Each structure stands twice: as structure tokens, then as C-alpha cells.
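>>> Show me how the following folds:
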Amino acid sequence: MPPAPLVNLRGVDKVYSNGVVALEGVDLAIREGEFVTLLGPSGCGKSTVLRLIAGLGERSAGTIEWSSTQHEIGFVFQDPTLMPWATVFGNIYLPLRVRGVNKAQARPRVERAMEQVGLAGFGNAYPRELSGGMRMRVSIARALVAEPKVLLMDEPFAALDEITRFKLNDDLLQLWAKQRWTVIFVTHSVFESVYLSTRILVMRSRPGRVSSEISLPEKREPSFRTSAAYAEQCRTVSARLAEAMA
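Next comes the predicted model:
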């Protein structure tokens, strides 16, 4: 018998105070160690699902069940949302400071998080001195410093140039392979979803719900991007997305 899902959404609705029905009857189950991507057009509720899983909003109906009460979550937003007056170290230290961890105790964890995302040696830099890709690395390190079991990522690479995006995709996969967090990732990009995911959940337009899912073999080499298998899987996912938008 397969293990119970780490998090299970059943019949989840979300209706905003202005009457907009963002989600209707969302059912999805995420297993531990998966890299699951929510894929769909703008306005289909992908980010809303992520925020409900994180506890950053109230659902209107349905249930969200965790298999354990211990489910530390890290959240990476589309905008890095860094404090401009704080250094890289200070921005990454923030979640630990909020928890009452003093700087001396936190330093090894902050430095480890910086090293994980390729920012070793940048602890004294300020956000204004960094490129867009490096600012996103700070945001990811800030999510990792609390050592989460679940990493929620809301279109973190959408605003970056293609070369930087490819590099961060590769770095993220390497980290995931080592740490084996559970990742729930939101994107508009078919190409990104196929490259990153072990499973893609395609969402239909408002009111949002999961219309189909595609399981993918694990592939962790940059050369996969130029393979025939990648092109074929992108065609399959594109067709599912077109059906969801029809």
C-alpha cells in the first residue's frame, strides 16, 4: 500500500469577499519527496492553492489534511521581497530572528543556506548590489534557513532572463536531489514544468480546479532540455493545458 499523502486537499473552494470564485472542488494529494508543479493560465488559482496550503488564507469549503503535525514550510514568492536596508546575511537570518534564535547561534545555518544557493562570500552585500538572479537566490536561502520539509515556490523565476532561469532551475534540482524536500512549484511555463517536475497538475481556468495530471520520470541532466523525450513530453503537457483552457 502506498504511503499516505503528506498533504491532501479535498473539495477545496475559495470564494473571495467580492464574490469571485477562485477555486471550486480542488482535489489533490502531495506525497513526501515529490516535486509537483501546478501549471495553468493566469487567474486559474495556482497561487491561491499554494497560499492555502501555507495557511496564508482561509478556504471557503473543503479540507486540507496533513499526515503529520510537523510540516515546516518554506515559501519563495515571485518577488524576492528583500529588506533593502539589510545585508544578504540579515535577510536570510530574518526567519530565525523571528523565532528568537540569536545571531551567533544562527550564523552556521545562515552560512550553510548561502552556500547551498551559491552565495558564499556575499553575506555583507546589500540587495541593491545584486542581480535579479542573485536576489532570488537570497529569497530561496531565506526559505531554506529554517530547514523546511516542504518548499512552496510561487513562480520564483518568472521575471528572470532565460539563461539565469535555466541556471536556477538546474541549481534547484541539484538541491532537491540532495535534500529531498517536498516541493510544490507554480509556473506558467510548460517547458519549466516538464524539466523540473516528477508530476504536473494542470489547472483549468476560473473557477480553478485540477483538470489532469501527468507523471514524469526523474531526469536530472541539463542535456534533457535538448532531447526528443523532453520535446515529446512538452507536446503532451501543452495539449493537456490547451484542453484545460478550452
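
>>> helix, strand or coil for Leu172?
When classified by DSSP: H, G, I helix; E, B strand; the rest coil, Leu172 comes out as helix.

>>> list the contacts for it?
The contact partners of Leu172, by CB atoms under 8 Å, 6 or more residues apart in numbering, come to Ile140, Leu196. For the C-beta atoms, the positions are set from N, CA and C on the backbone; glycine is no exception.

>>> Kindly recompute the last result at 7 Å.
Contact analysis of Leu172 by CB atoms under 7 Å, 6 or more residues apart in numbering lists nothing.

>>> State the helix or strand in which the residue of the chain most remote from its centre lies.
Ranked by distance from the centre of the chain (CA atoms, centre = their mean), the top residue is Ala104, with 29.5 Å. Here Ala104 sits within helix 103-116, counting by DSSP states H and E.

>>> lowest-pLDDT helix or strand in the protein?
helix 162-179 (a mean of 90; mean pLDDT, DSSP states H and E).

>>> Show me the strands in this structure, by range?
Assigned by DSSP state E, the chain shows strands spanning 7-15, 21-30, 35-39, 61-66, 73-76, 150-154, 182-187, 199-203, 210-215.

>>> Stretch 120-139: which residues count as buried?
Within stretch 120-139, the residues that count as buried by 16 or more other CB atoms under 10 Å are Phe122, Gly123, Tyr126, Pro127, Leu130, Gly133, Met134, Arg135, Met136, Arg137, Val138, Ser139.

>>> ok, and the closest non-adjacent residue to Leu38?
Lys46 (4.3 Å; CB to CB, 6 or more residues apart in numbering).

>>> which residues sit in contact with that neighbour?
Lys46 makes contacts with Leu38, Gly40, Val186, Met203, as judged by CB under 7 Å, 6+ apart.

>>> hang on, the third one packs against Ser47?
Yes - with contacts counted by CB atoms under 7 Å, Val186 reaches Ser47, the gap being 5.9 Å.
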